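Trainee: Pasted the sequence and its predicted model underneath.
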Amino acid sequence: MNTRGFTLPALAAGALLAFAGSAFAAKTLVYCSEGSPEGFNPQYFTTGTTFDAVSVPMFNRLVEFELGTTNIVPGLAESWTASPDGLAYTFKLRKGVKFHATDKYKPTREFNADDVLFSYTRMADPGHPMHKTAPGQTYAYFDDMGMKDIVDRVEKVDPMTVRFVLKKPEAPFLANMAMDFASILSAEYADKMKAANTVDAFDREPVGTGPFQFVSYQKDAVIRYKAFDAFWGGRPKIDNLVYAITTDASVRYAKLKAGECHAMAFPKPADVALMKNDKNINLVQKEGLNVGYIAFNVEKKPFDNKLVRQALGMAVNKKAILDAVFQGAGQVAKNPIPPTLWSYNDKIKDHPYDPAKARELLAKAGFASGTEVELWYLPVTRPYNPDGKRMAELIQADWEKVGVKTKLLTFEWGEYRKRSKTGEQHAMMFGWSGDNGDPDNFFVPLLGCAAVKGGGNVARWCHKDFEDLIQKAKTQTKQADRAALYQKAQEIFKEEAPWIPIAHSVRFDPVRKEVTGYKMDATAHHFFHKVDLASPK
Amino acid sequence: MIAFLLKRLALVLPTFVGITLLVFALIRLLPGDPVEALSGERGMTPERYARLLAEFGLDRPLPVQYLDYVWKALHGDLGFSTITHEPVFREFVARFPATIELSVVAMLLALAIGLPAGILAATKRNSVVDYTVMGASLAGYSMPIFWWGLLLILTFSVTLGWTPVSGRIAIQYDIPSVTGFMLVDSLLASDEGAFRSALSHLILPSIALGTIPLAVIARMTRSSMLEVLREDYVRTARAKGASTFRVVAIHALRNALIPVVTTVGLQVGTLLAGAILTETIFSWPGIGKWLVEAIHRRDYPAVQGGILLSATVIVGVNLVVDLLYGVINPRIRHH
């Protein structure tokens, strides 16, 4: 461990080596995070940065994702049952779960149904006294996931049982309940803060049930947490967790190398090769729950013709793109969902890279050679696409070979999204990172008919049979039944070719060698409650 | 002196009208808006978009929004950040001391090296010393801060291990924020180790930020000194047998400093602009980094409020500089 500038006290042999200096005789893990959280309430915000700093270390949900997968496992609910019609979910709550205590607040009771009711109704009911606490504050993720249209009401069956009654059968409901916005807050803490007229303390000094509890936050600099001794899932092995907010990826890497942090978020793709060869660094990797694609606006000519779409797909050498743009850190995509997601249809054969066949199809479609099409490319790096411009240039060259001239266009990122929602685009590059590991979370927001109006379906492709399948899949409670429907939907998708799926990227989390037990999460969060620090060399 | 002060103050009002209008217009000219910036890849129905826009008061006509902004600003209300939902003023105040601390140290560094270097170059004109100083200052002035900062980190922190990479203080020191100035707070906490740590964290960022002002000051001091050294009264001083040191330090320097003071005043703007890059590289939690983030995310109230407050500081410093001339050279008061 790095102790430069500080003298280690002469500790007795066998004593734990301090992080640096005697004040830190405990195990402290420093994580170089990529940005500041927007706030400390998990219900208001939508960014992964905030979730990493708030809902991940300090809160729990009724159900959670098993670390490393999107399997749903018990969280604050020990078990649950769905009614046969799929309209009611009853959760048996876990006993003996304690909330964090702070200087201002000592919990007098353990977690119970009131906390679930409070956490939910606060978001759902505009008349709730705690619904609105600051100007501009909304429950963005709750709204985004359409929870108002899914849940009719929440009932307290007994102090340790709650029932969610749905408006319609909605299988992805359970996955939604494992998402960050569905974190359980303390009703007692809210009441106390409200009575003391310090509602903003409720949001600034979070109290949860998670493995770490809040210590302090210096804006844009440092967030400190300490292990919560009474955590229901077992106390973390490290004693302190510190987030050193470091916005520049090169500087994060420099800090990791210098030993100023043990783990870092989001390395630059260009640094990954160096990290692989660094003997002090363990480069952990995982397939991303994402997809990068080219969407054809099917409302515009010539993309209204299925043959043209298929032909342009065949003309693209995806393998070359994977090598040049992703530098191998990804895999070729053929379906709209990544292979890590259940219901992925591996039987589907991708349109092969075949320029000759593509020419043939274009001729059949009556496409005049030399006609120009527009391709919009991403102006920013996204998790599913490290370099939009480079990818666009490669596609331009590929299309040129089959007699299609391509005009490349882009806009500032906000403008890019805004325009895409109005349907101005011809062909455009886009992508998606899954929220909750339910296939519904890819199909409906990206390819559903309602998403044409909402703007998430940038292909503006609304296909009756496909829509029927993905809507029907929502109403089934058995995963196998749902998977069969989604697999059928993927066949239609391939035949109709509203997109050229390009790639699913691989994510990397570099951690120092002394960090043990680090496991990457499927939804790109960073969990540290299971890690340990080996004694420094 | 009073009339002079009043004349200067009268210029401040139109300056502020200009600043508020400019910031208000520029941030809205940028593509996108705060609601769009929130939505990411996800679609948003036009109804929800309109509702959120109204939530931020952005559905009103532009003149109404502008007048509302100015009226509230005059009452000390800069609105709420669209990202954190916290008052903009509170956000600014939480970060401003970090920027001031860095800027002051960078400026002190620039002065401590720039002044003597400039004087030395002037007195040893056309010597190796002169060429070295001028060459180095030209190189320093041309250095892109971003590149320079990373180079410093890679050399001194990663390779040599002499300085910390980034941040304001080592992680193990949790110093309660009293003044917001880490050097002061660590002394108040009477923690010597913390003070040393805070100081060591200041080295690289203040070099990165101070390089351009240093170069400007060195060059300005040199040329101003050269001019003064040619004056009759300097020759007189020499003729009456005053030592070179006395001639330079007592007779020449005072007059040579006037353009230097102006330069230093103007460098405050450069410092705040440079802080944007420096803070981003060194993870320095100041207003520069905050404003960049606010611009990226189209946080209109934060950008409007933050720039207004920064501008107030720059205008204030320039006012003080103007008044300082009068102190250094009384003749200026009458012009």
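Mentor: Perfect, thanks for sending it. Numbers count the residues shown, from 1 in each chain, chains lettered A, B, ... in the order given.

Trainee: alpha carbons only for contacts and neighbour counts from here, please
Mentor: Fine.

Trainee: From start to finish, how long is stretch A:125-137 in a straight line?
Mentor: Terminal residues of stretch A:125-137 are spaced 14 Å apart (C-alpha to C-alpha, to the nearest Å).

Trainee: buried set for it?
Mentor: Neighbour counts over stretch A:125-137 (16 or more other C-alpha atoms under 10 Å in any protein chain shown) mark A:130-131, A:135-137 as buried.

Trainee: For that stretch, what is the distance to the chain centroid?
Mentor: With C-alpha atoms, centre = their mean, to the nearest Å as the basis, stretch A:125-137 stands 26 Å off its chain's centre.

Trainee: on that earlier part again, next, give me the two most distant ones among the buried residues of stretch A:125-137.
Mentor: A:130 and A:136 (14.2 Å; C-alpha to C-alpha).

Trainee: Need the buried residues of stretch A:125-137 in TSV (columns: secondary structure and distance to residue A:152).
Mentor: Shown next, in TSV, are those (DSSP: H, G, I helix; E, B strand; the rest coil; distance: C-alpha to C-alpha, whole Å):
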residue	secondary structure	distance to residue A:152
A:130	coil	20
A:131	coil	17
A:135	coil	27
A:136	coil	25
A:137	coil	23
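
Trainee: What is the nearest of those residues to residue A:202?
Mentor: Set against residue A:202, the nearest of the buried residues of stretch A:125-137 by C-alpha to C-alpha is residue A:130 (10.3 Å).

Trainee: Does the closest one touch residue A:124 like I think?
Mentor: No - between residue A:130 and residue A:124 there is no contact under C-alpha atoms under 8 Å: 10.9 Å.

Trainee: what are the ranges of the helices in the stretch 151-300 of chain B?
Mentor: Assigned by DSSP state H, counting those that start in this stretch, the helices in the stretch 151-300 of chain B fall at B:182-188, B:192-229, B:232-239, B:244-246, B:253-281, B:287-296, B:300-328.

Trainee: Buried deepest among the ones you listed, which one?
Mentor: Scoring the helices of the stretch 151-300 of chain B by mean neighbour count under mean count of other C-alpha atoms under 10 Å in any protein chain shown gives helix B:192-229 as the most buried, with a mean of 23.

Trainee: Tell me the gap between it and the middle of its chain.
Mentor: The answer for helix B:192-229 is 13 Å, by C-alpha atoms, centre = their mean.

Trainee: what's the angle between it and helix B:253-281?
Mentor: Going by axes from the mean of the first three to the mean of the last three C-alpha atoms, to 10 degrees, helix B:192-229 is angled at 140 degrees with respect to helix B:253-281.

Trainee: same for helix B:192-229, what does it pack against?
Mentor: Packing contacts for helix B:192-229, counted by 3 or more C-alpha pairs under 8 Å, 6 or more residues apart in numbering or on different chains; DSSP states H and E, involve helix B:88-123, helix B:128-142, helix B:145-152, helix B:182-188, helix B:253-281.

Trainee: CA-only coordinates of the shortest one, as CSV, when you get a sec.
Mentor: Taking Å, rounded to 0.1, in the frame of the first residue of the first chain, the C-alpha atoms of helix B:182-188 are listed here in CSV:
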residue,chain,number,x,y,z
MET,B,182,-8.3,23.1,3.2
LEU,B,183,-5.1,24.8,4.4
VAL,B,184,-6.9,26.8,7.0
ASP,B,185,-9.2,24.1,8.1
SER,B,186,-6.4,21.6,8.6
LEU,B,187,-4.6,24.2,10.8
LEU,B,188,-7.8,24.8,12.7
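
Trainee: does any part of it sit near chain A?
Mentor: No - if you take C-alpha under 8 Å from any C-alpha of the partner chain as the test, helix B:182-188 misses chain A, and the best it gets is 11.8 Å.

Trainee: Does anything pack onto that helix? Which helices or strands?
Mentor: Secondary-structure packing of helix B:182-188 (3+ C-alpha pairs under 8 Å, 6+ apart): helix B:192-229.

Trainee: Okay, angle between the helix it packs on and helix B:88-123 too, please.
Mentor: Going by the same axes, to 10 degrees, helix B:192-229 is angled at 50 degrees with respect to helix B:88-123.

Trainee: Now do the same for helix B:192-229: mean pLDDT, whole number.
Mentor: Across helix B:192-229, pLDDT averages out at 92.

Trainee: Where does the stretch 51-200 of chain A get nearest to chain B, which residue?
Mentor: Across the stretch 51-200 of chain A, no residue is closer to chain B than residue A:136, which sits at 5.5 Å (C-alpha to the nearest C-alpha).

Trainee: That residue contacts residue B:56, correct?
Mentor: Yes - with contacts counted by C-alpha under 8 Å, residue A:136 reaches residue B:56, the gap being 5.7 Å.

Trainee: Which residues are in contact with each of those two?
Mentor: Jointly contacting residue A:136 and residue B:56 under the rule C-alpha atoms under 8 Å, 6 or more residues apart in numbering or on different chains are residue B:82.

Trainee: quick revisit: please tell me how far the residue of the stretch 51-200 of chain A closest to chain B sits from residue A:113.
Mentor: Going from residue A:136 to residue A:113 by C-alpha to C-alpha gives 29 Å.

Trainee: Flag the shaky bits of chain A, pLDDT-wise.
Mentor: Along chain A, the model assigns pLDDT under 70 to residues A:1-25, A:536-537.

Trainee: and the stretch 301-450 of chain A, which of its residues are near chain B?
Mentor: Applying C-alpha under 8 Å from any C-alpha, we find that the stretch 301-450 of chain A lies next to chain B at A:412-415, A:417-418, A:421, A:430-432, A:445.

Trainee: Go through these and say which is closest to residue B:170.
Mentor: Nearest member of those to residue B:170, counting by C-alpha to C-alpha, is residue A:413, at 35.9 Å.

Trainee: residues near the closest one, how many?
Mentor: When counting by other C-alpha atoms under 10 Å in any protein chain shown, one arrives at 18 neighbours for residue A:413.

Trainee: Can you tell me the closest non-neighbouring residue to it?
Mentor: In this structure, residue A:413 finds its nearest non-sequential neighbour in residue A:379, 5.9 Å apart by C-alpha to C-alpha, 6 or more residues apart in numbering or on different chains.

Trainee: Next up, the contacts around the one you found.
Mentor: Each residue near residue A:379 by C-alpha under 8 Å, 6+ apart is listed here: A:388-389, A:410-413.

Trainee: That one looks like it's in a strand, true?
Mentor: No - going by DSSP: H, G, I helix; E, B strand; the rest coil, the assignment for residue A:379 is coil, not a strand.

Trainee: quick one: it and residue B:101, what's the gap?
Mentor: In terms of C-alpha to C-alpha, residue A:379 sits 36 Å off from residue B:101.

Trainee: Which one, of the helices and strands packed on helix B:192-229, ends up nearest to residue A:179?
Mentor: Of all the helices and strands packed on helix B:192-229, helix B:88-123 sits nearest to residue A:179, with 28.9 Å by C-alpha to C-alpha.
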